[in-house]
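**Q** No sequence on hand, only this structure:
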Ligand code: AHM
Ligand code: MG
């Protein structure tokens, strides 16, 4: 079985990113610094999420704590942290986030830069009350507009044009997983020294895959193709193997497991809510960066009808059906959908 090498050398994320940059003599270092700022935001968010269970003692979100201070909701804290670490650096033209309806502009008086940052500051935050892992997702693009404040054109780029992307997962340990197009690297936060250390070098999706991951509670809303595909994953329909089911309901964790154990994660379109005909997950700051990581690790990401990262976005918060994981498993979903769901 192919497994990802777990490294024992002490390599900080800063050293790793700088080393990667040396391969590009013309690189200005801006992307390196941007990634480092995101890692710093991850450390700050991690330190808050690990204290989330203390809300009853220190004060529940939205109420005053024992010191009489307003306690902030964690997703709002994550949003502000990412914003404040990136609004004044001159590296970004514009940002966009799941938490904001419209573009997030660089404040007046600060320079704009050549990159665009899209993020979901705290995905799966409804799980926090149950001590379930949550995550931050990010995608970096080059701006398309020439100069000045960034525009919708800068943000509405297809996933194929992504420059770097990844996620932080706040679990039993905090990890940062990212790719800048030359493989996928995982770093684990050592809280005693406050550094992300390289722990998973050049991650590849293993074979044979272990798990399929989907909210099977919605099966009654699924199309025929989806139902049959899932039965195939379970070993029916003439399949040569069967996979076990794992579903946390926190996308970053579900995809992180899929990346390390092999398998397929899907959040398909279904007939549950006619207002959401494309499923739940957002294309720009949830699906595309996770798809990039999975594809850089040797997998494939699809809408169920074709490559996800080829979708031309039209709206900031548009949703997409998503299937990602080991290539053969995702291609099988496309086959079933093409055959049964005309
Ligand atoms: P959120 O962005 O509001 O946190 O919702 C996204 C989350 C994902 O992490 C997860 O995959 C999905 O919602 C779970 O949805 P469901 O409860 O419908 O299975
Ligand atoms: Mg989200």
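**A** Sure, I can see it. Remember, predicted model here, so these are calculated numbers, not experimental data. Ligands and ions are numbered 1, 2, ... in the order given.

**Q** rest of the way, CA atoms for contacts and neighbours
**A** OK.

**Q** For the stretch 51-200 of the chain, what lies in contact range of ligand 1?
**A** Within reach of ligand 1 by CA under 6 Å from any ligand atom, the stretch 51-200 of the chain has these residues: 123-125.

**Q** of the residues you listed, buried ones?
**A** Neighbour counting with 16 or more other CA atoms under 10 Å marks 123-125 as buried within these.

**Q** hmm, back to that, so which of the residues of the stretch 51-200 of the chain next to ligand 1 belong to strands?
**A** Per DSSP state E, strands hold the following members of these: residue 123.

**Q** re the thing from before, please name whichever of the buried ones among the residues of the stretch 51-200 of the chain next to ligand 1 scores lowest on pLDDT.
**A** Across those, the bottom pLDDT score, 85, is held by residue 125.

**Q** got the contact list for that residue?
**A** Contact analysis of residue 125 by CA atoms under 8 Å, 6 or more residues apart in numbering lists 74-75, 134.

**Q** Which of these fall within strands?
**A** Per DSSP E, the contacts of residue 125 map to strands at residue 134.

**Q** Show me what residue 190 is bridged to.
**A** Note on residue 190: beta-bridge partners residue 195, judged by DSSP bridges.

**Q** so how far is ligand 1 from it?
**A** Distance, residue 190 to ligand 1, using CA to the nearest ligand atom, to the nearest Å: 25 Å.

**Q** next one: residue 244
**A** 17 Å.

**Q** do residue 149 as well
**A** Taking CA to the nearest ligand atom as the measure, residue 149 falls 27 Å from ligand 1.

**Q** neighbours around the nearest residue to that residue once chain neighbours are set aside, how many?
**A** Once flanking residues are discounted, residue 149 sits nearest to residue 93: 5.9 Å by CA to CA, 6 or more residues apart in numbering. Residue 93: 28 surrounding residues under other CA atoms under 10 Å.

**Q** Repeat that for the one 3 residues further on.
**A** The local packing count at residue 96 equals 24, with neighbours defined by other CA under 10 Å.

**Q** Please, which helix or strand holds it?
**A** Taking DSSP states H and E as the criterion, residue 96 maps to strand 92-97.

**Q** Adjacent strands (with direction) for that strand?
**A** Here strand 92-97 is paired, per DSSP bridges, with strand 104-105 (antiparallel), strand 115-123 (parallel).

**Q** Quick one: residues contacting residue 275.
**A** Counting by CA under 8 Å, 6+ apart, residue 275 has no contacts.

**Q** In which helix or strand does it reside?
**A** Judged by DSSP H and E, residue 275 forms part of no helix or strand.

**Q** ok, it to residue 269 distance?
**A** Computed as CA to CA, to the nearest Å, the residue 275 to residue 269 distance reads 11 Å.

**Q** Can you classify the closest residue to residue 242 other than its chain neighbours by secondary structure?
**A** Nearest in space to residue 242, with sequence neighbours left out and distances taken as CA to CA, 6+ apart, is residue 235 at 4.0 Å. Recorded secondary structure, residue 235: coil (DSSP: H, G, I helix; E, B strand; the rest coil).

**Q** Share the number of residues neighbouring residue 235, please.
**A** 15.

**Q** show me the contacts for it.
**A** 241-243.

**Q** try it again with 10 Å
**A** The contact partners of residue 235, by CA atoms under 10 Å, 6 or more residues apart in numbering, come to 229, 241-244.

**Q** Adding neighbour count, write these out as JSON lines.
**A** Formatted as JSON lines, the contacts of residue 235 follow (neighbours: other CA atoms under 10 Å):
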{"residue": "229", "neighbour count": "23"}
{"residue": "241", "neighbour count": "13"}
{"residue": "242", "neighbour count": "16"}
{"residue": "243", "neighbour count": "18"}
{"residue": "244", "neighbour count": "13"}
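
**Q** So among these, where is pLDDT lowest?
**A** Among the contacts of residue 235, residue 241 has the weakest pLDDT, 93.

**Q** Surely that residue and residue 263 touch.
**A** No - counting by CA atoms under 10 Å, residue 241 stays clear of residue 263, with 11.9 Å between them.

**Q** Sticking with the residue positioned nearest the centre of the chain, tell me its helix or strand.
**A** The chain has residue 137 as the residue nearest its centroid, 3.6 Å off, counting by CA atoms, centre = their mean. Using DSSP H and E, residue 137 sits within strand 134-142.
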